[in-house]
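**Q** sharing a sequence plus its predicted fold:
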Number of protein chains: 2
Amino acid sequence: MKSGWIIENHRDMQDLGVSESIFNVANGYVGVRGNFEEGYEGDEPTVRGTYINAFYDITPMLYGESAYGFPDTQQKLVNVMDVQDVTIHIGEEKFSLFTGTVVSGRRYLDMREGKYVRLVHWISPQGKEVEISFTRMASLTTLELFTIDIEVTRINCQDEVTITSGVNGDVSNYTNAKDPRVASGHAKLLDMKNIEVFDETSLQIVLETNTSKLQVAATTVHQTTPAVNGELIKGEKSVMVRYAFPAGKDIVQFTKFNVFTDTRRHEDPAAHGRELMALVLTQGIQAAYMAQEVYLQHFWEIANIEIQGDEVLEQGLRYNVYQLLQSVGKDKYSNIAAKGLSGEGYEGHYFWDTEIYILPFFILCQPELAKQLLRYRYTILGEAKKRALELGHKKGAAYAWRTITGEECSGYFPAGTAQYHINGDIAYTYIQYYLATGDKDFIAEFGAEVVFETARTWMELGHYHEGLFKIDDVTGPDEYTAIVNNNYYTNVLAKYNLEWAASWYKQLAETHPGAWEALCSRIGLTTDEITAFEEAAAKMYLPFDEKLNIHAQDDSFLAKKVWDFENTSEEKHPLLLHYHPLHIYRHQVLKQADTVLAHFLLEDGISTDVLRNSYDYYEKLTTHDSSLSCAIYSIMASKLGYSDKAYDYFIETARMDLDNTHGNTKDGLHMANMGGTWMSIVYGFSGVRIKDDHLALNPSLPKQWKGYTFTMRYRQATITVEVNHLKTQLIVDAQELIHIKVMEKSFKIPMGKTIITV
Amino acid sequence: MKSGWIIENHRDMQDLGVSESIFNVANGYVGVRGNFEEGYEGDEPTVRGTYINAFYDITPMLYGESAYGFPDTQQKLVNVMDVQDVTIHIGEEKFSLFTGTVVSGRRYLDMREGKYVRLVHWISPQGKEVEISFTRMASLTTLELFTIDIEVTRINCQDEVTITSGVNGDVSNYTNAKDPRVASGHAKLLDMKNIEVFDETSLQIVLETNTSKLQVAATTVHQTTPAVNGELIKGEKSVMVRYAFPAGKDIVQFTKFNVFTDTRRHEDPAAHGRELMALVLTQGIQAAYMAQEVYLQHFWEIANIEIQGDEVLEQGLRYNVYQLLQSVGKDKYSNIAAKGLSGEGYEGHYFWDTEIYILPFFILCQPELAKQLLRYRYTILGEAKKRALELGHKKGAAYAWRTITGEECSGYFPAGTAQYHINGDIAYTYIQYYLATGDKDFIAEFGAEVVFETARTWMELGHYHEGLFKIDDVTGPDEYTAIVNNNYYTNVLAKYNLEWAASWYKQLAETHPGAWEALCSRIGLTTDEITAFEEAAAKMYLPFDEKLNIHAQDDSFLAKKVWDFENTSEEKHPLLLHYHPLHIYRHQVLKQADTVLAHFLLEDGISTDVLRNSYDYYEKLTTHDSSLSCAIYSIMASKLGYSDKAYDYFIETARMDLDNTHGNTKDGLHMANMGGTWMSIVYGFSGVRIKDDHLALNPSLPKQWKGYTFTMRYRQATITVEVNHLKTQLIVDAQELIHIKVMEKSFKIPMGKTIITV
């Protein structure tokens, strides 16, 4: 069923900004927005952008009134040189979708082949008829490589075809005069460092960021069929190469190879770019396409979700996980930005989104990439420790709320630095990874240190009051309530973090005594401290309201005035754009799941009654103004048997960007939501939970579907889950004895292939 | 005892920045910092400034991340044209305190005559000996007038004396590259509008602000004795006039009259400046000096405080009230800036300082000026109503935390906009003014409307919870605790505001039925709303801790961790410069009096035990990092009989600026503290309280003093209070029957002169 593997768009001329995001082509290292090679005409809103993951400049952050510890600079993903530029002339006429007649025009993303294709059947104003295809690829096997492949077929004419290809180093980041966060002076972040032409088909541009002094090189080589000589024009900040294909009927083929390299990863990016290009050219474009397809074949073997009975949704799901793959950083410098590499929204920063919304997919489908993402947090542990000291703590690690290299880049601390829960989120995810993979070496090498240091932060942050361990003045996930005491979500994650720190301390002493001793000595960790962790965890205060029989979001939430939803019109959403923070904070109103999210992450020991009451209570108060909300409400609806709600919330998430339901897809895709969609099926409908000593499933089938199938990995086993009206079937290929519970029925599964039917 | 009326400084060459603030010359309209006319040499840190009260430009406010309702611009007091510039040559040698020999040099502020004098006995590098005096005055009777009067006496020489006087329109505000609040582009706020020379002694410069488009004119005329012709050089942005006095022994006299006018007050400031100047010149400098002295004679009749046994303190006190007079705006456009007109700190903004720390002095000593200050709040009521809507309220008035014309200029809402208590502070002070003066017309004209609108804000802000009226997410006076629920100070002032709104509603209906009806109809106020006010006041929740037997600062304060004072070194103060706000907010630590301030303002019905426990508890937690703190702790120490503490805190306040104890007097004087010093005596040692139907006193005498005397006005009576070891004596000159209680002893005092001895 090929069509389910292709995302198409026939409405290219509407919402061009949205399409640019949707048709971004990326591989976790480089990302190129889906701009038209030949550009637009007139005032179409566009963000013409190419991004390198974690490649940033530093811009100032100013404040109405500043205070101690406010970051005075911010890192910002840089729009690097534009290699998209290709214009085509048929005779004297320039090809443009804004002139002549577009007989047919469509573009699609082939998620099996890993290619983006734009096909145009066009008649020029003078009546020349041509078909043109543009194929783009960001290689998943050679991350530095981005290619554009063009074919021009002359249908009713034999005119000369001219293709002009540009590489432009005079680029700026997107700015919006109406957005006070984007000061006018901050758009131009790159200076020309070197521009070099090797011959009439190949060139290299090296740019340097203004402040961070990072360099990025683009090495570009062109190939054509028939072979024609290029005519090269070198400008101050750009190079143009012109190929004139003689009159005739031949199909004109043109390939533009671009290799990006940068000083964060490569010692001499210019030299490295040339070497890599030589290698790429030896193999050629067809070999690159093949490698891409093979890579994706392996990917889809695990990542594919089939839905019997809803092909459109199935396609949406595939699109979402494909975007996760496109966005995920594959080295220790990078992670997944809130918008992936599809746009400049949120400045290319990494948030807790990665851990709570995106890593579940990677942990269960691509554990090697999950490990990579977790290693990134280890890489920036030093920055987190520095920040902890700056925040007044004597030790511990306080991860930045948003960052690229670890430094805090959030400019509004009540919904930034105050969200200490990010430390708990990171610890939680390290633990989840461990539970899913059983990778003990990872703990010894990275995990334990992160979990110890974040545990220390809770000890620094909290204090005993009336015999209980309390944590004051933090903000939970719900950003419509800020700077509160004893946010349930935060406290319950802190408790979990402290418990596991103590547990890993003991475990490591046995499994990796050498590493354990070295680590304890290096960070000065003692058994007394571990005892303190255990005591704080045991005495952790978890606010509970007896009358409502729910966990209170925090100490004061339930005593606040309930938001007047009835008299809040549609146009007043999202609330944050229409009400002062104080007005929002003063009310019982949620931007996104908070206590309900805590219940999803840590459900053990909480009665179904409490879970249900909590869901019922908080759902009424939640605006879902955050794109991180619906997936969690869908998952917990599944858990509670609210099947209609589970489905409705799932639908909200599944096509959020394809249908631009939040209205801001132009700024980039909502990566966390994309992870959330996958979670809505696997954690939601299928009820998967990674428990301490087993994998739990609790499958249900939305009545709208005939069935669904997905695959995941658990302790090196491959598990394919098929759910339909008649049964749930697990096809397990295990590497060791594993324990799975399906609907509370326990299965001990030996090495080898086993089929379970429930 | 002349000396007690003069503030002197012999250390002119040290701390020049501090001296500039201390020797500012102002009259509530124009203020000139005490810079040397001839300038400094080298890199002495200086803020050369001249300010017009409420004359501002608008500069952008940027945020790391902005949100709805954050002000995007700020008003900023403008440094206007510099008329201080006068250089003197003896022969070829330029007079400078940085060359030659300063035989003696001192300057003083004569608080009886209202003049600033600088006297220098100087020998030039070539041995020419001269005495030079510089006299400055900002007229208290012609507010636009600022004069500089210079006398040069040649002692051992007869060289030609040249005096060159400049008016410079090329001025900038002070910037500090290390202060992120002062962006580099914001210093230059004025453009040249017109520069005109009338003859060789008179000229006029008109400048216009960049953004607010306000104009300020300086009209300058020079007079000399002996009369010599001026030689005038007109530049692009400045004018210089040179007077060469022939060789000889004559004393050289030079007077520079400067009249400032501006478009906020004067329709055509240039024309008005010329007219005013003509009037000033008709009368001459001596008449102006005389008028100044007469004005001050009246002022001191009431404002003077005598302390028998401590002349230095007495002088400090006089200095403080003199500065209050110098700083107080005398028209409806202006108020008292946090730094008066003595510097650019806090951008010339008006805060709650005026109501709570400064108005008590004016209410009891200069009720006409008090009325003026309160009128200012009425003038900006429209802005406060607009802001209330912007903050999500359906009606009411939300006064800006800091402002010039009423628009919110605070750029950090947790310690700005969240301080809703400013509305209660304003209402409270309207009520205090009424109780002190009995001015019923004022209520009808201004007071009731302000008190009604602020009462409405509490109704909008608060809500009922478990039968009590609660107010969430505000910040009280203590800025080391932010965004809390049920701040006691806020709630108790809200209660008072609501009660008096209801009371004035009823009173006005009887005393001013016409005005009442018009007002109620204009603002749509109904009896139902008043009933709601009364109910909310009656049900107002005032947090109380039974165990400690104190009012809790807010719902969560007492459950927080106590700040580790023991391990906080001196250099870590003030805390706000060394700790992130979250770290501070998380602890029991106070910047300044909060609940203790509430107990001072509204003591009725609270037992002495509670007052004492509260004082004891909160004092231990208070850093006094705010200059608004010590005075209140002194007053309440007096109340509780902690006489040593009362005295020690009083001493802290009395010479704060003269001794630069907070280290930032360079940026301007601490006006609120200056009011607080006066309050420490009158409200503190003397125990004055303005009660609903009487004036209460409860005098005590610090053991360090022999006695003290002060005067105040109450219901048009003049009351002089003399306290010594033997007795307290009140000399009352009443205009109507008034009721005074001295140490709980009640006196009904008839019209006429009465002496009470207790």
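**A** Looks like it came in fine.

**Q** C-alpha from now on. contacts and neighbour counts both.
**A** Will do.

**Q** residue contacts, residue A:306?
**A** A:314, A:708, A:709, A:710 (Cα atoms under 8 Å, 6 or more residues apart in numbering or on different chains).

**Q** from those residues, which land in helices?
**A** residue A:314 (DSSP state H).

**Q** out of the contacts of residue A:306, who's nearest residue A:542?
**A** Nearest to residue A:542 among the contacts of residue A:306, counting by Cα to Cα, is residue A:710 at 36.1 Å.

**Q** next one: the closest one from residue B:593, what distance?
**A** 63 Å (Cα to Cα, to the nearest Å).

**Q** quick one: name the residues of chain A near chain B.
**A** When proximity is defined by Cα under 8 Å from any Cα of the partner chain, chain A lies next to chain B at A:61-70, A:180-181, A:390-392, A:410-412, A:418, A:463-465, A:472-473, A:483, A:485, A:556, A:559-561, A:576-583, A:585-586.

**Q** return the helix or strand in chain A with minimum mean pLDDT.
**A** For chain A, the helix or strand with the lowest mean confidence is strand A:6-9, at a mean of 81 (criterion: mean pLDDT, DSSP states H and E).

**Q** re the thing from before, are any of the residues of chain A next to chain B buried, and which?
**A** For the residues of chain A next to chain B, a neighbour count by 16 or more other Cα atoms under 10 Å in any protein chain shown gives the buried set as A:61-67, A:69-70, A:180-181, A:390-392, A:410-412, A:418, A:463-464, A:472-473, A:483, A:485, A:556, A:559-561, A:576, A:578-583, A:585-586.

**Q** and of the contacts of residue A:306, the nearest to chain B?
**A** residue A:314 (37.4 Å; Cα to the nearest Cα).

**Q** tell me the pLDDT of that closest one.
**A** Looking at residue A:314, its pLDDT reads 91.

**Q** now it: closest residue in space that isn't a chain neighbour?
**A** Once flanking residues are discounted, residue A:314 sits nearest to residue A:307: 5.5 Å by Cα to Cα, 6 or more residues apart in numbering or on different chains.

**Q** am I right that the one you found is in a strand?
**A** Yes: counting by DSSP: H, G, I helix; E, B strand; the rest coil, residue A:307 is found in a strand.

**Q** go ahead and confirm it touches residue A:701.
**A** No: with contacts counted by Cα atoms under 8 Å, residue A:307 stays clear of residue A:701, the gap being 10.4 Å.

**Q** please identify every residue contacting each of those two.
**A** Between them, residue A:307 and residue A:701 share the contacting residues A:707, A:708, judged by Cα under 8 Å, 6+ apart.

**Q** contacts only, for residue A:530.
**A** So residue A:530 contacts A:501, A:502, A:505 (Cα under 8 Å, 6+ apart).

**Q** what about those residues, which one has the most neighbours?
**A** With neighbours taken as other Cα atoms under 10 Å in any protein chain shown, the top of the contacts of residue A:530 is residue A:501, carrying 27 neighbours.

**Q** buried sites along the helix or strand where that residue lies?
**A** Per DSSP states H and E, residue A:501 falls inside helix A:488-511. For helix A:488-511, the neighbour count (16+ other Cα under 10 Å) marks A:488-502, A:504-505, A:507-508 as buried.

**Q** after it comes which helix or strand?
**A** Following helix A:488-511 in sequence order, the next helix or strand is helix A:513-523 (DSSP H and E).

**Q** what mean pLDDT does that following helix have?
**A** Averaged over helix A:513-523, pLDDT sits at 97.

**Q** and whatever helix or strand comes next after it with helix A:513-523, angle?
**A** Downstream of helix A:513-523, the next assigned helix or strand under DSSP H and E is helix A:527-538. Interaxial angle of helix A:527-538 relative to helix A:513-523 (axes from the mean of the first three to the mean of the last three Cα atoms, to 10 degrees): 90 degrees.

**Q** could you pull up the mean pLDDT of helix A:527-538?
**A** For helix A:527-538, the per-residue pLDDT averages 98.

**Q** strands paired with the following helix or strand past that helix, and their directions?
**A** Remark: after helix A:527-538, the chain's next helix or strand is strand A:544-545, criterion DSSP H and E. Under the criterion DSSP bridges, strand A:544-545 sits next to strand A:550-551 (antiparallel) in its sheet.

**Q** let's test this: mean pLDDT of the helix or strand following the partner strand, rounded?
**A** Where DSSP H and E defines the elements, the next helix or strand beyond strand A:550-551 is strand A:561-562. For strand A:561-562, the mean per-residue pLDDT is 98.

**Q** tell me which residues of stretch A:39-56 come out buried.
**A** A:39-40, A:46-56.

**Q** residues contacting the residue of the stretch 651-758 of chain A at minimum distance from chain B?
**A** Scanning the stretch 651-758 of chain A for the residue nearest chain B gives residue A:667, at 16.6 Å (criterion: Cα to the nearest Cα). For residue A:667, the contact set (Cα under 8 Å, 6+ apart) comprises A:17, A:18, A:21, A:339, A:342, A:343, A:344, A:345.
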